[in-house]
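Undergrad: Sequence and predicted structure are below.
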Amino acid sequence: MQQGAVDELVALLDLEDIEVNVFRGRSPKIDLQRVFGGQVAGQALVAAARTVDADRTVHSLHAYFLRPGDPKVPILYEVDRQRDGRSFTTRRVVAIQHGRPIFNMSASFHLPETGFAHQFECPNDVTPPEELGDFATRWAPYAKELGDWYTRPRPIDTRYADWTPPDRTVALAPRHRVWVRADGRLPDDPVLHACVLAYASDMTLLDTTLLPHGGTFMNARVQMASLDHAMWFHRPFRADEWLLYDQDTPSASDGRGLARGFFFTPSGDLAVSVVQEGLIREMSS
């Protein structure tokens, strides 16, 4: 376990209150060209939740990545309290750097109630996470090319049930299954667990869109970036317990790829659904 890295992620999501409906977030002190999209999504959800009554839980978010984030300066999150209804609360969040929006998100919160229930079945042909290698183990054969990048502490443990080498060129089936959890214990706050999962949901999803084309995120000839991201929260979960992230890609065209993901709990409950479209532009020689 890497409890220190998890504690740092929790601190990263603990925004500073600047003014009513205005919050400030920071980025980790690591060498990145742009802010990780999952970080912005997670922090924006924290900002929205700070303005909502505690008896309401997030049930959906819809976000657009507008500009690359600058990891060297703070991010301001401005929250618009759009609606406070009897059952639903709606918020809009804009993330700002250098005077311009880099991200916006609408999030809806719901007072829990009973009703109809059904779900997709959880896949039952997946290797358990305990039998799969962690991040450092998977990347160890590429240590010479990567340096110490693959060994640095990481708050999210990812175990690939469908792992394929990054230098592959063979087209694969459009499906990608990964076990995900925070690599340490989180506080019991369900809002924090939702925000941590929003952070983790952006880590592997867009990679799925390259599987049918024999490419990977390490291909220097492919430009990749998240464009929009949507999540629906169906059932309770803990982000520090294993969740199966069952991902597929229905379509790619016009320089964009679409991917879906479903998070299943250890007991087989469908906890969260995710859809993302991203840029997968093949660069000219």
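TA: Received the coordinates, thanks.
Undergrad: contacting residues around Val58?
TA: Leu45, Ala48, Ala49, Ala107, Ser108, Phe109, His110, Val191, Ala194, Phe233 (CB atoms under 8 Å, 6 or more residues apart in numbering). Any C-beta I mention is one placed from the backbone N, CA and C, and that applies to glycine too.
Undergrad: what does the helix or strand containing Val46 rub up against?
TA: In this assignment (DSSP states H and E), Val46 forms part of helix 37-49. With contacts defined as CB under 8 Å, 6+ apart, helix 37-49 is touched by 12-15, 23, 25, 27-28, 58, 61, 63, 65, 69, 75, 77, 79, 91, 93, 95, 102-103, 105, 107, 109, 191, 194-196, 198-203, 226, 229.
Undergrad: run the last query once more with 6 Å
TA: If you take CB atoms under 6 Å, 6 or more residues apart in numbering as the criterion, helix 37-49 is touched by 13, 15, 23, 25, 63, 65, 69, 77, 79, 91, 93, 95, 103, 105, 107, 191, 195, 198-199, 202, 226.
Undergrad: before we move on, back to that, kindly write the ChimeraX command that selects the buried subset of the contacts of Val58.
TA: The buried subset of those, as determined by 16 or more other CB atoms under 10 Å, is captured in ChimeraX by this line:
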select :45,48,49,107,108,109,191,194,233
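Undergrad: For Ala182, state which of the contacts of Val58 is nearest.
TA: Ranked by distance to Ala182 (CB to CB), the contacts of Val58 are led by Ala194 at 12.3 Å.
Undergrad: For the closest one, pull up the helix or strand it's in.
TA: Using DSSP H and E, Ala194 sits within helix 190-201.
Undergrad: Which secondary structure elements does that helix sit against?
TA: If contacts are counted by 3 or more CB pairs under 6 Å, 6 or more residues apart in numbering; DSSP states H and E, helix 190-201 sits against helix 37-49.
Undergrad: The helix-or-strand element of the chain with minimal mean pLDDT: how far from the chain's middle?
TA: Least confident helix or strand, the chain: helix 143-146 with a mean of 70, by mean pLDDT, DSSP states H and E. For helix 143-146, the separation from the chain centroid amounts to 26 Å (computed by CA atoms, centre = their mean, to the nearest Å).
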